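Novice: Here's a sequence, model it:
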Amino acid sequence: MPPTSHIAPHEATFALGDHIHIRYTVENCLGAWPGDNQYNGPLGYSSPDPHLQPMDQFGKSRWVDVGSGGDQDVEFCTKASHDWVSVEPASGRIKGDGTSDTRVHISIDWSKAEGDEITVIFASTDKAPPMTVTIPLLHRRVPPDFHGAVTGDGYVALEAVHHQSTSDITDGGIQHYWAQIPYYGRTHSSMSIFPVLEKRLPVGSRPTMQYRFFAFDSGEFDLIFHIGPSLNYVLGDKLAFGYQVDDGDILEVEPIPSAPLGDLPHDWETVVANEIREVRRKITLGEGSVHTLTVYGITSGVNIERVMIDFGGMAARGHSYLGPPESVIV
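Specialist: Residues are numbered from 1 along each chain as shown. Next up, the predicted model:
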């Protein structure tokens, strides 16, 4: 037999030279405190207290999980560095059997926020030393007359239906338009062009959706589309859509790989298992803070569920399987 280990679920954790009965795990980290864990930070073992990802007023709250680290019940409490920092719940009782493990959310009243960082101290009634969580602050502002999505936590994420405008096109006496398919989507719905025809709309005769967003950074970033699983069902042609950033070139996307007649694309099993096809493209944003993404309908059968732009926050925060929460729209 290979080497085996026995796990005692109700045995106190031995860390820092003592037995403790509480365990803190923080957002976006594999480590746990208190403890001597190789995942607790860049120093590996014996790393300092955790620093979470920066917060801004257009992002989400941060969290710390407070759980059982032994076989005894233990109480915990918190102390924030400022009265405009909300910790919920601020205290509680953790049972030794793990049935009352608690997620603590840290949020901020941004109308009163000041300074570059906040701290929250977690303390308990066992022998565990207090843990201090530090969170940097980013103070962001947008013009009062701006309407659209705002970058928060280093990304823009929008359900496809939450566009700012659409345009219909009449071609050959037929009106082509984007319309929502309710409940078709992993997180909300999808947008697709109608009527469903076996034709590729020519340049200048393509319905559009426009998304306005406010970016705090310039440079090269990932533009991400989540589209529903589909196949190139028109013989001799491919499904396609287009996109344009600000006044840049209109670029066509044929998201489904080619396959011999009668076969499936090489990634079909993965796409179906995930119920999504992810399409990534690089885009370059200039110094201007307000941008417009225009999506063009070219063929039927493309169901766009989400539109996202990663400014580095999506990868850094390690979002879940369904992707990040939707951005703030003002």
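
Novice: what residue ranges in the stretch 151-300 of the chain score low on pLDDT?
Specialist: For the stretch 151-300 of the chain, no stretch has pLDDT under 70.

Novice: What segments of it are helices?
Specialist: Using DSSP state H, counting those that start in this stretch, the helices assigned to the stretch 151-300 of the chain run over residues 268-274.

Novice: what are the ranges of the strands in the stretch 51-200 of the chain?
Specialist: 55-56, 62-68, 74-80, 85-88, 91-94, 102-108, 117-124, 131-138, 149-150, 155-159, 165-167, 169-171, 174-182, 189-194 (DSSP state E, counting those that start in this stretch).

Novice: tilt between the last one and strand 174-182?
Specialist: Spelled out, it's strand 189-194. 160 degrees (axes from the mean of the first three to the mean of the last three Cα atoms, to 10 degrees).

Novice: tell me the SS of residue 314?
Specialist: What DSSP: H, G, I helix; E, B strand; the rest coil gives for residue 314 is helix.

Novice: got a list of what it touches?
Specialist: 154, 155, 157, 308, 323, 324 (Cβ atoms under 8 Å, 6 or more residues apart in numbering). For glycine as for every other residue, the C-beta is placed from the backbone atoms N, C-alpha and C.

Novice: again, but for residue 293
Specialist: 210, 211, 212, 213, 223, 243, 244, 245, 307, 309.

Novice: what's across from it in the sheet?
Specialist: For residue 293, the beta-bridge partners are residue 211, residue 245 (DSSP bridges).

Novice: same check, this time on the one 4 residues further on
Specialist: Under DSSP bridges, the beta-bridge partners of residue 297 are residue 241.

Novice: That one: what's it in contact with?
Specialist: 176, 178, 193, 201, 206, 207, 208, 241, 242.

Novice: Just give me the closest of the residues you listed to residue 317.
Specialist: Nearest to residue 317 among the contacts of residue 297: residue 241, at 28.0 Å, using Cβ to Cβ.

Novice: isn't the closest one right up against residue 298?
Specialist: Yes. If you go by Cβ atoms under 8 Å, residue 241 and residue 298 touch, sitting 5.4 Å apart.

Novice: quick one: which of the two has more around it?
Specialist: residue 241 (25 against 22; other Cβ atoms under 10 Å).

Novice: residues contacting the more buried one?
Specialist: Per Cβ under 8 Å, 6+ apart, neighbours of residue 241: 225, 252, 253, 255, 295, 296, 297, 298, 299, 302, 304.

Novice: Now list the buried members of those residues.
Specialist: Among those, those scoring as buried are 225, 253, 255, 295, 296, 297, 298, 299, 302, 304 (criterion: 16 or more other Cβ atoms under 10 Å).

Novice: Please give me every residue in contact with the first one.
Specialist: Looking back up the chat, that one is residue 225. 241, 243, 253, 255, 278, 279, 304, 306, 307, 308.

Novice: Need the residues touching each of residue 241 and residue 298.
Specialist: residue 252.

Novice: Check the gap between residue 231 and residue 301 for me.
Specialist: 8 Å (Cβ to Cβ, to the nearest Å).

Novice: now residue 169
Specialist: Taken as Cβ to Cβ, the span from residue 169 to residue 301 is 17 Å.

Novice: In terms of neighbours, single out the busier of these two.
Specialist: The neighbour comparison of residue 169 against residue 301 (other Cβ under 10 Å) goes to residue 301, with 21 against 18.

Novice: Does the more buried one lie in a helix or a strand, and which?
Specialist: Using DSSP states H and E, residue 301 maps to neither a helix nor a strand.

Novice: Please verify my assumption that it contacts residue 233.
Specialist: Yes. Look at residue 301 against residue 233 with Cβ under 8 Å: they come within range, at 6.5 Å.

Novice: who touches both of those two?
Specialist: Between them, residue 301 and residue 233 share the contacting residues residue 239, judged by Cβ under 8 Å, 6+ apart.

Novice: coming back round to it: is it possible to export the contacts of residue 241 to a markdown table including distance to residue 183?
Specialist: Listed next are these as a markdown table, based on distance: Cβ to Cβ, whole Å:
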| residue | distance to residue 183 |
| --- | --- |
| 225 | 19 |
| 252 | 29 |
| 253 | 25 |
| 255 | 22 |
| 295 | 21 |
| 296 | 25 |
| 297 | 21 |
| 298 | 25 |
| 299 | 23 |
| 302 | 18 |
| 304 | 15 |
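
Novice: Return the member of these nearest to residue 31.
Specialist: The nearest one, if we look at those relative to residue 31 and count by Cβ to Cβ, is residue 225, at 33.9 Å.

Novice: Quickly list what the closest one is bridged to.
Specialist: residue 279, residue 307.

Novice: What's the separation between it and residue 157?
Specialist: 12 Å.
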